[in-house]
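>>> Mind looking at a prediction? Sequence and model below.
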Amino acid sequence: MQRLRTFLDHHCDNEAVTDIIDGLMVACKDITHQLHLGSLAGILGSAEQENVQGECQKKLDVISNDLIKDTLANIDAVKGIASEEEDEPVACNANGDYLVLFDPLDGSSNIDVNVTVGTIFSILKAAPGSDAASQQAYLQAGTEQVAAGYVLYGPSTLLVLTVGKGVFSFTLDPRDGEFFLQRENIQIPAQTQEFAINMSNQRFWLPQMQNYVGDLLQGEEGPLGKRYNMRWIASMVAEIHRILTRGGIFMYPYDNRDPSKPGKLRLMYEGNPMSMLVEQAGGKASTAFENIMSVQPEGIHQRVSVVMGSADEVATAEKYHA
Ligand code: P6P
């Protein structure tokens, strides 16, 4: 089986990006170790502080963020980083050419109940002379990403990655700390009978989304003419991994709880990297009105409405919003 570094040396024709991904995995292996220790290391529970999102941070949110930030800061190719857990970007190496944006521990509300969480990352090229301590340097559309991926901390620790030439998955062997190639050129089935959405928000959605999900729930008697199953893990990384594995549609759509926020999920380090993976795997990633990766960002923590997965099903959801 092919080790991650051997794969990258052959597949990724950019040594700096290879170094970043290889280095990032050092932090993610440590996060795996911390998660497996859990209560034994006294690191479950709340950190008794809020992040810029106004969300209560878990201890492991802070630990994971610091592990990744410190690791990336020591990689010469990294000019700067932006994190869900950092109010502002952090400049790293003045001579670096790349910016790394990440959600260090997505789905962390699941940690205390021992359910799957993940790290999501996105890599952008820094414009020459840009200031990596300023948000402006990072405000590039998702189509500008040079690489994207996630590490899934589940029964196995998996890396799912694209550098723009297809989607590949790797399994961490805990016996020697190496990631080994598992699946090549992953493709999402165009059609599905499985949807993922938090139904408790139904009353806040746009009428178009209420109509679409209502038709999903009508099953074979409804206009969509087939029975659908529903899943909701409250961990985007786990939902998207299921979709990359067997198809499906994942939605966290616009809702009217806070008109200033077009959705819950963050564009730069959740929506865009997952959209690159989904589209590289033949799926579709939309706000329900436009491609997520076409959205021109205005802030590193801005939120976006998310409808992504099996291409034909996402196209159907978009038709309800036309
Ligand atoms: P809710 C986790 O907090 C997250 O950002 C995504 O990983 C997940 O899909 C969503 O929020 C869950 O949100 O409102 O169902 O708890």
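Noted; the coordinates are in hand. Numbering: from 1, shown residues only.

>>> Three-state assignment for residue 30, please.
Per DSSP: H, G, I helix; E, B strand; the rest coil, the local secondary structure of residue 30 is helix.

>>> tell me the contacts of the residue nearest to residue 223 when sequence neighbours are not counted?
Take residue 223 and drop its neighbours on the chain: the residue closest to it by Cβ to Cβ, 6 or more residues apart in numbering is residue 215, 5.3 Å away. (C-beta placed from N, C-alpha, C; glycine too.) Listed by Cβ atoms under 8 Å, 6 or more residues apart in numbering, the contact set of residue 215 reads 222, 223, 224, 320.

>>> which ones are touching residue 153?
31, 32, 35, 116, 117, 118, 119.

>>> wouldn't the fifth one be in contact with residue 104 here?
So the one you mean is residue 117. No. Assessed by Cβ atoms under 8 Å, residue 117 is found out of contact with residue 104, at 9.8 Å.

>>> related to what we said a few turns ago, keep only the contacts of residue 153 that also lie close to the ligand.
Among the contacts of residue 153, none lies close to the ligand by the criterion of Cβ under 6 Å from any ligand atom.

>>> which residue sits closest to the residue in the chain positioned nearest to the ligand, ignoring its sequence neighbours?
Closest approach between the chain and the ligand, counting by Cβ to the nearest ligand atom: residue 236, at 3.4 Å. The shortest distance from residue 236 to any non-neighbouring residue, by Cβ to Cβ, 6+ apart, is to residue 106 (5.6 Å).

>>> that older thread, just the buried ones among the contacts of residue 215, please.
Using 16 or more other Cβ atoms under 10 Å as the burial test, these include 224, 320 as buried.

>>> Now do the contacts for residue 269.
Counting by Cβ under 8 Å, 6+ apart, residue 269 has contacts 82, 83, 84, 101, 102, 103, 120, 121, 122.

>>> so what pLDDT did it get?
According to the prediction, residue 269 has pLDDT 98.

>>> go on, the one 4 residues further on?
We note a pLDDT of 99 for residue 273 in this prediction.

>>> One more: residue 53?
Residue 53 carries a pLDDT value of 71.

>>> what does the stretch 201-322 of the chain have sitting close to the ligand?
234, 235, 236, 252, 264, 265.

>>> Looking at those, which are in strands?
residue 252 (DSSP state E).

>>> Please identify which two of the residues of the stretch 201-322 of the chain next to the ligand are farthest apart in space.
Pairwise distances across these peak at 13.0 Å for 235 and 264 (criterion: Cβ to Cβ).

>>> Those two: who's more crowded?
Legend: neighbour count by other Cβ atoms under 10 Å for residue 235 and residue 264, higher for residue 235 (23 against 20).

>>> I'd assumed residue 107 was in contact with the more buried one.
Yes. Between residue 235 and residue 107 there is a contact under Cβ under 8 Å: 3.0 Å.
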